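1. Next come a sequence and a model predicted from it.
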There are 2 protein chains.
Amino acid sequence: MKIKGFLFSAVQAGIRYADRLDLGLVYSETPCVTAGLFTTNQVKAAPVVIDRERLKSGHAQAILVNSGCANACTGTKGMEVARATGSLVSEALGIADDLVQLSSTGVIGEQLNLEPFARSMPALVKGLSADNFEKVAEAIMTTDTVRKIAETTVNIGGKEVKIMGMAKGAGMIMPNMATMLSFVFTDARINFPELHKSLTKSVERTFNRITIDGDTSTNDMVLVMANGAAENPWIDGDSPQDRQLFQDGLENVLKDLALQIVSDGEGATKTITIRVCGAKENEDAEKIARTIATSSLVKTAFFGEDANWGRILAAMGRSGVRFSSDRVDLAFGHVLIVKNGLSLGAEAEAAATQVLKEKSFAVCIDLKDGPGCEEIYTCDFSIDYVKINADYRS
Amino acid sequence: MKIKGFLFSAVQAGIRYADRLDLGLVYSETPCVTAGLFTTNQVKAAPVVIDRERLKSGHAQAILVNSGCANACTGTKGMEVARATGSLVSEALGIADDLVQLSSTGVIGEQLNLEPFARSMPALVKGLSADNFEKVAEAIMTTDTVRKIAETTVNIGGKEVKIMGMAKGAGMIMPNMATMLSFVFTDARINFPELHKSLTKSVERTFNRITIDGDTSTNDMVLVMANGAAENPWIDGDSPQDRQLFQDGLENVLKDLALQIVSDGEGATKTITIRVCGAKENEDAEKIARTIATSSLVKTAFFGEDANWGRILAAMGRSGVRFSSDRVDLAFGHVLIVKNGLSLGAEAEAAATQVLKEKSFAVCIDLKDGPGCEEIYTCDFSIDYVKINADYRS
């Protein structure tokens, strides 16, 4: 995958492990209008603190990203090292420090070592090429088992506009995009307010709708860089329709990446959509769906392919939303097994159990209480999740 | 263990499994002042609905409790069957229906079958004896691996007052006492308002301070029955000191039971106390402690005996409480490994790892921001937790 005006590079810097791509660089031939969203976790990693400050300009030209060390909980020293890594890039590329965005993922609480960055910088810069997008997507992986990339094109004013993104993330995902990194590149010509608005709305409906284990991280970020190379008519405050077209394209790319993240959830064997309808408000539907999607008991039952709807009802009951349990309908896929809060019996349950054997299915709940409807995407909770997370640092 | 005026019995009724005590009866020779607290889950099991109504009188004389079926999400039929099981007891014992408290634990969503109750009632009543307290404690077990009992005595006005309790619960435990049953018996002479107050305060500091998996249930309850046989001076609104003595005794029994529940958490290999001090308010300390204690990533790291304090900081950061991460001290047991938000290095971490090998340890966090201090008790998150819950119904 390629996109006009963007160059990519990745190397094995040996930040934590040998023989693994762990340092990536993205360089735009021209400064880009750039919008970013960052973790809402109060403990923010050094690169997050720096990027937020730098992005106040609405511009960036490069992204330096490493895996192996999160550079979080590292104090003033962590900030200094992060800035120093950025300076290596700005000097090598001959651009301003402030145009370099920094991003890290990995273990929290360990100091980042500047040496591997300094040693690798010449090779990293030398490797910049339009062809290396996938290599950067590999370099940002930690417990991910597959790289995650997606692209789309939209037609804006007769011009093909490309949107191309990568993401990493497998654990620590919940509301507000936790240890998830995503970098999106587009040749759209769009101003900062419209780009920021498009990003905010798209993230709300994609990355913020997935959950793996309820934890959130110190390092999350999603950046979108727009270089304008498509020469489409400017997307600005006067072109709401074009902005919508762009936003839909962006949302498609982010949704694709978000679902890739869920299906690569740590230890996940299944991807599950929790769809709650008939709530008084969308917000109520979301709250219920999220409570179900984060229940360890529900998720272990999914892993066990057990149509244990009682646990789903119990999770709903602690969501904080008022509803009448004797009106609830619940289906696995198209198999209704609960009607008005009561079991439809062994036959329905046997059919539902077949649905649970699929790699991907939906749980559909109707509260019959209003128009509110929302979906949350999650995965099951397996023995391997525990194994992966008990062993992560060893 | 025995207590004046209370008789106990348990039988194998075959409610779900053969060859297992699954039906228990407690009978007080005189009506008891009785206080109860019930699940805050909005989906409430039939017995919970009935008991709350009956307890408005502040009195009870018997408890009928079964495992194997929760009688939750069972509609009007579930209510009818629950009442019918109570009538079997009231008729056999010659007491009013309203003096019988009902309690169920087990699978949600399946109808309770009256037949095993009817068949077993003669043997159950015949078996009533002062000596069978432990048998009832066994009959209420589901995924529990050990029965949980505790007792204490307090001296009130020159009289020995006994407080003796049992509990069950291993999963679905979190705030607000979820699928946890606890029955406490005392010979104290105490009026209803004081008994209720003592129970509420004690539960707040014990059962509501433990968490296993963040889920809560439809069936939780704790009942305390006081028959007055100790002939102590009445504990009423005029004797706040005696009430405090009684409440301290009750709290000791409940704390003992609560810690037994945590250490028997599904798949648990370790019991962990999360102690947060130096918060602005107690409430802030509790919120942070609870977020840590329910984080899957933190709990799997405990299972892996990995002193991964970064995950603890990350959990704190999403607790919703404002604090300065660069002032945080963190210790495992007596081993300080984070000072002012920074790692104290490999040696401290190696010493902390030794602490994590213990069966029971504390994580102590100081925010240095105020007088707020709270503890939450939890367990680790193991491979067996997933196994148990993936297989629970099969």
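-> Everything's here; your move. Numbers count the residues shown, from 1 in each chain, chains lettered A, B, ... in the order given.
2. Surely A:V65 is in a helix?
-> No - under DSSP: H, G, I helix; E, B strand; the rest coil, A:V65 falls outside any helix and is assigned strand.
3. Quick check, pLDDT for whichever residue of the stretch 201-350 of chain A sits closest to chain B.
-> Relative to chain B, the nearest point of the stretch 201-350 of chain A is A:G310 (2.5 Å; Cβ to the nearest Cβ). C-beta coordinates here come from the backbone N, C-alpha and C atoms, glycine included. On the pLDDT scale, A:G310 is placed at 87.
4. which residue packs closest to it, ignoring adjacent ones?
-> B:I108 (2.5 Å; Cβ to Cβ, 6 or more residues apart in numbering or on different chains).
5. Check whether the one you found really touches B:T218, as I assumed.
-> Yes - applying Cβ atoms under 8 Å, one finds B:I108 in contact with B:T218, separated by 6.1 Å.
6. For stretch A:84-104, C-alpha coordinates in PDB please.
-> What follows is stretch A:84-104, C-alpha atoms only, in PDB (Å, rounded to 0.1, in the frame of the first residue of the first chain):
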ATOM      1  CA  ALA A  84      16.100  13.800  22.200                       C
ATOM      2  CA  THR A  85      14.700  11.000  20.000                       C
ATOM      3  CA  GLY A  86      12.700  13.600  18.200                       C
ATOM      4  CA  SER A  87      15.700  15.800  17.700                       C
ATOM      5  CA  LEU A  88      17.600  12.900  16.100                       C
ATOM      6  CA  VAL A  89      14.700  12.900  13.500                       C
ATOM      7  CA  SER A  90      14.400  16.600  13.000                       C
ATOM      8  CA  GLU A  91      18.200  17.000  12.500                       C
ATOM      9  CA  ALA A  92      18.400  14.000  10.100                       C
ATOM     10  CA  LEU A  93      15.400  15.300   8.100                       C
ATOM     11  CA  GLY A  94      16.100  19.000   8.300                       C
ATOM     12  CA  ILE A  95      12.700  19.900   9.700                       C
ATOM     13  CA  ALA A  96      11.600  21.700  12.900                       C
ATOM     14  CA  ASP A  97      11.500  19.800  16.200                       C
ATOM     15  CA  ASP A  98       7.800  20.700  16.600                       C
ATOM     16  CA  LEU A  99       6.900  18.900  13.400                       C
ATOM     17  CA  VAL A 100       8.000  15.500  14.700                       C
ATOM     18  CA  GLN A 101       5.300  13.500  16.600                       C
ATOM     19  CA  LEU A 102       6.600  10.800  19.000                       C
ATOM     20  CA  SER A 103       4.900   7.600  19.900                       C
ATOM     21  CA  SER A 104       5.900   4.700  22.100                       C
END
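7. List the buried residues in it.
-> Within stretch A:84-104, the residues that count as buried by 16 or more other Cβ atoms under 10 Å in any protein chain shown are A:85-86, A:88-90, A:92-93, A:95, A:98-104.
8. And for stretch A:15-25?
-> Along stretch A:15-25, these residues count as buried under the neighbour rule (16+ other Cβ under 10 Å): A:15-16, A:20-25.
9. Where does the prediction get shaky in chain A?
-> Residues of chain A that meet the criterion pLDDT under 70 lie in A:170-179, A:212-217, A:392-394.
10. Could you list every helix and strand in contact with the longest strand along chain A?
-> Counting by DSSP state E, the longest strand found in chain A is strand A:23-38. Other helices and strands packing on strand A:23-38, by 3 or more Cβ pairs under 8 Å, 6 or more residues apart in numbering or on different chains; DSSP states H and E, are strand A:6-11, helix A:46-54, strand A:59-69, helix A:114-126, helix A:133-139, strand A:181-186, helix A:192-204, strand A:221-226.
11. chain center to it, what's the gap?
-> Centre-to-centre, strand A:23-38 and its host chain are 17 Å apart (Cα atoms, centre = their mean, to the nearest Å).
12. in terms of contact, does A:T206 touch A:E251 like I think?
-> Yes - counting by Cβ under 8 Å, A:E251 is a contact partner of A:T206 at 6.2 Å.
13. mind checking the SS state of A:V154?
-> Three-state call for A:V154 (three-state DSSP): strand.
14. Spatially nearest residue to it, not counting backbone neighbours?
-> Sequence neighbours aside, A:G249 is the residue nearest to A:V154 in space, at 3.9 Å (criterion: Cβ to Cβ, 6+ apart).
15. can you pull the contacts of the one you found?
-> By Cβ atoms under 8 Å, 6 or more residues apart in numbering or on different chains, the contact set of A:G249 is A:152-154, A:161, A:163.
16. rerun at 7 Å
-> Neighbouring residues of A:G249 by Cβ atoms under 7 Å, 6 or more residues apart in numbering or on different chains: A:152, A:154, A:163.
17. ok, A:Q42 to A:Q111 distance?
-> 21 Å (Cβ to Cβ, to the nearest Å).
18. Likewise for A:A84?
-> Distance, A:A84 to A:Q111, using Cβ to Cβ: 12 Å.
19. Then A:R290?
-> Applying Cβ to Cβ to A:R290 and A:Q111 gives a distance of 35 Å.
20. Comparing those two, which shows the higher neighbour count?
-> Shown here are A:R290 and A:Q111; by other Cβ atoms under 10 Å in any protein chain shown, A:R290 has more neighbours (22 against 16).
21. any idea which helix or strand carries the more buried one?
-> Element membership of A:R290, judged by DSSP states H and E, is helix A:282-293.
22. Could you check that helix and say which residues are buried?
-> Of the residues in helix A:282-293, those buried under the neighbour-count criterion (16+ other Cβ under 10 Å) are A:284-293.
23. likewise stretch A:26-45?
-> A:26-28, A:31-45.
24. coming back round to it: columns mean neighbour count and distance to B:A258 on top of the helices and strands packed on strand A:23-38, output as a markdown table?
-> Listed next are these as a markdown table, based on neighbours: other Cβ atoms under 10 Å in any protein chain shown; distance: least, Cβ to Cβ, whole Å:
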| stretch | mean neighbour count | distance to B:A258 |
| --- | --- | --- |
| strand A:6-11 | 23 | 51 |
| helix A:46-54 | 21 | 39 |
| strand A:59-69 | 24 | 39 |
| helix A:114-126 | 17 | 49 |
| helix A:133-139 | 21 | 47 |
| strand A:181-186 | 27 | 41 |
| helix A:192-204 | 19 | 40 |
| strand A:221-226 | 26 | 41 |
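25. Nearest to A:L367, out of the ones you listed?
-> Between A:L367 and the helices and strands packed on strand A:23-38, the shortest separation by Cβ to Cβ is 22.4 Å, and it involves helix A:192-204.
26. now what about the closest one, what contacts it?
-> Outside helix A:192-204, the residues that reach it (Cβ under 7 Å, 6+ apart) are A:33, A:35, A:37, A:58, A:177, A:222, A:224, A:226, A:235-237, A:243, A:246-247, A:250-251, A:254.
27. Ok, stretch A:69-85 next?
-> For stretch A:69-85, the surrounding residues in contact (Cβ under 7 Å, 6+ apart) are A:15-16, A:43, A:45-47, A:49-50, A:64, A:102, A:104-112, A:114, A:117, A:218-219, B:310, B:313, B:325-326, B:341-342.
28. These in helices, which ones?
-> Mapping the contacts of stretch A:69-85 onto helices (DSSP state H) picks out A:46-47, A:49-50, A:114, A:117, B:310, B:313.
29. in the top helix by length along chain A, what's buried?
-> Looking across chain A with DSSP H, the single longest helix is helix A:240-263. By neighbour count on 16+ other Cβ under 10 Å, the buried set for helix A:240-263 is A:242-243, A:245-247, A:249-263.
30. Export that helix to PDB, keeping only CA atoms.
-> The C-alpha coordinates for helix A:240-263 follow below in PDB (Å, rounded to 0.1, in the frame of the first residue of the first chain):
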ATOM      1  CA  PRO A 240     -20.000  20.200   4.900                       C
ATOM      2  CA  GLN A 241     -21.000  17.600   2.200                       C
ATOM      3  CA  ASP A 242     -17.400  17.000   1.200                       C
ATOM      4  CA  ARG A 243     -16.400  16.800   4.900                       C
ATOM      5  CA  GLN A 244     -19.100  14.200   5.400                       C
ATOM      6  CA  LEU A 245     -17.700  12.200   2.500                       C
ATOM      7  CA  PHE A 246     -14.200  12.400   3.900                       C
ATOM      8  CA  GLN A 247     -15.400  11.500   7.400                       C
ATOM      9  CA  ASP A 248     -17.300   8.500   6.100                       C
ATOM     10  CA  GLY A 249     -14.100   7.300   4.400                       C
ATOM     11  CA  LEU A 250     -12.100   7.900   7.600                       C
ATOM     12  CA  GLU A 251     -14.700   6.100   9.600                       C
ATOM     13  CA  ASN A 252     -14.600   3.100   7.300                       C
ATOM     14  CA  VAL A 253     -10.800   2.800   7.700                       C
ATOM     15  CA  LEU A 254     -10.900   3.200  11.500                       C
ATOM     16  CA  LYS A 255     -13.800   0.700  11.800                       C
ATOM     17  CA  ASP A 256     -11.800  -1.800   9.700                       C
ATOM     18  CA  LEU A 257      -8.800  -1.300  12.000                       C
ATOM     19  CA  ALA A 258     -10.900  -1.400  15.200                       C
ATOM     20  CA  LEU A 259     -12.400  -4.800  14.200                       C
ATOM     21  CA  GLN A 260      -9.000  -6.100  13.300                       C
ATOM     22  CA  ILE A 261      -7.900  -5.100  16.800                       C
ATOM     23  CA  VAL A 262     -10.800  -6.900  18.500                       C
ATOM     24  CA  SER A 263     -10.300 -10.000  16.500                       C
END
